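Peer 1: This is a predicted model, with the sequence first.
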Amino acid sequence: MSALEVGQVVAEKTYPLTRDSLVRYAGASGDFNPIHYRDDVAAAVGLPGVLAHGMLTMGTAVQPVVEWLEGAGDDAGVLGWVSDYQVRFTRPVVVDPTAGAEIAVVAKVGKLDAAAGTARIDLTVTAGGQTVLGKAQVVVTLA
């Protein structure tokens, strides 16, 4: 934990989402709500377009932290594990039929607790230049 400092960026990554991504996620999750694949249905309920599943967005957003904890494939070993993860959904991710969407994630150390052996990692998660998850915080227990 001594190598970590509050404010330190520990991971930063951008993930593309396509309509194919939404179909695959729907199959894996069982969430076949048509707002996630039909433009006409999304428009009929007042949405700006087909939306990525909230849990897909949430799961994608934590991935850079998981990769960082796993040492991103180096020989250093596992740094720790995710012991808590919470977000507030602030804006949907609209997935264009042609261009898709990108979810950008910056993971920064927000708080260190040496006594508990944990760190709070604050996530900034954006799509189309707008924040899509608010108060996205990952508590990691360090090995």
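Peer 2: Thanks, I have it.

Peer 1: What segments of the chain are strands?
Peer 2: 9-17, 80-89, 101-113, 118-127, 130-142 (DSSP state E).

Peer 1: Of those, which stretch is the most buried?
Peer 2: Highest mean neighbour count of the strands of the chain: strand 118-127, a mean of 20 (counted as mean count of other Cβ atoms under 10 Å). Backbone N, C-alpha and C define where each C-beta goes, glycine included.

Peer 1: tell me the mean pLDDT over that one?
Peer 2: Average pLDDT, strand 118-127: 98.

Peer 1: do you know which of the strands of the chain lies nearest Ala43?
Peer 2: Ranking the strands of the chain by proximity to Ala43 (Cβ to Cβ) places strand 101-113 first, at 17.1 Å.

Peer 1: Spatially, what comes nearest to the spatially most central residue of the chain if we skip its sequence neighbours?
Peer 2: Taking Cα atoms, centre = their mean, the centroid of the chain lies closest to Ala61, which sits 1.0 Å from it. If the residues on either side of it in the chain are set aside, Ala61 comes closest to Val125, at 4.6 Å by Cβ to Cβ, 6 or more residues apart in numbering.

Peer 1: Neighbours of the nearest residue to Phe89 once chain neighbours are set aside, how many?
Peer 2: Take Phe89 and drop its neighbours on the chain: the residue closest to it by Cβ to Cβ, 6+ apart is Gly54, 5.4 Å away. By other Cβ atoms under 10 Å, 16 other residues sit near Gly54.
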